[in-house]
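*Asks:* sharing a model that was predicted from the sequence below.
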Amino acid sequence: MRVLSIQVQPARSSGIDMAEITAEFEPIASATNLVKHHAFDSGNDRGAYFNFTFGTPNAKVLWQVIQSRLYHSGNFSTHMRHASMAMCSSEDGWDDYLLLDHFDPTVALDDARPAKLPRDRS
């Protein structure tokens, strides 16, 4: 099973409402056909951060849902572009992962075409 993880660093986007962002992730976490387990946590490491983590048998479809609801949404897209990064673990875990999105536009993203985010074999 792959893991999709999105980290939001609110200090990077003035006016971001983390309660609204969290509320938008909650129905995604409830999609039992796509999400087998999830965790939302937060902390402070040289600035506040919020992590939204989803274990999924179908990373491609889950990433499309997350993009549609948060990254391409008029309400959230600017904030997500400026304050978040998204990663997907490989079938081997976090030793090999794809960087799907990053707040720093100079950071190279990995190729996330469907062939790179297949359904797990398990």
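*Replies:* Good, I have the coordinates.
*Asks:* low-confidence ranges, this structure, go.
*Replies:* Along the chain, the model assigns pLDDT under 70 to residues 112-122.
*Asks:* and the contacts of the helix ranked longest in the chain?
*Replies:* Ranked by residue count, the top helix of the chain under DSSP state H comes out as helix 18-29. Identification of contacts with helix 18-29 by Cβ atoms under 8 Å, 6 or more residues apart in numbering yields 6, 8, 10, 34-35, 38, 40, 50, 52, 54, 62, 65-66, 69-70, 73, 75-76, 79-80. Bear in mind the C-beta positions are built from the backbone N, C-alpha and C, glycine included.
*Asks:* the helix or strand that comes right after that helix: partners in the sheet, and parallel or antiparallel?
*Replies:* With elements assigned by DSSP states H and E, the helix or strand that comes after helix 18-29 is strand 37-44. Its sheet considered, strand 37-44 pairs with strand 48-56 (antiparallel) by DSSP bridges.
*Asks:* hey, C-alpha coordinates of the strand it pairs with in CSV?
*Replies:* Only the C-alpha atoms of strand 48-56 are listed here, as CSV (Å, rounded to 0.1, in the frame of the first residue of the first chain):
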residue,chain,number,x,y,z
ALA,A,48,4.0,25.5,12.3
TYR,A,49,3.1,22.6,10.0
PHE,A,50,0.1,20.3,9.4
ASN,A,51,0.5,16.8,8.0
PHE,A,52,-2.4,15.0,6.2
THR,A,53,-1.4,11.3,5.6
PHE,A,54,-3.4,8.7,3.8
GLY,A,55,-2.7,5.0,3.2
THR,A,56,-4.2,4.0,-0.1
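*Asks:* tell me the helices and strands packed up against the following helix or strand past it.
*Replies:* Sequence order places helix 59-66 as the next helix or strand after strand 48-56, per DSSP H and E. Here helix 59-66 touches strand 2-8, helix 18-29, strand 84-90, going by 3 or more Cβ pairs under 8 Å, 6 or more residues apart in numbering; DSSP states H and E.
*Asks:* still on that earlier bit, mind giving me the PyMOL command for buried ones among the contacts of helix 18-29?
*Replies:* In PyMOL, a selection of the buried entries from the contacts of helix 18-29 looks like this (16 or more other Cβ atoms under 10 Å):
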select buried, resi 6+8+10+34+35+38+50+52+54+62+65+66+69+70+76+79+80
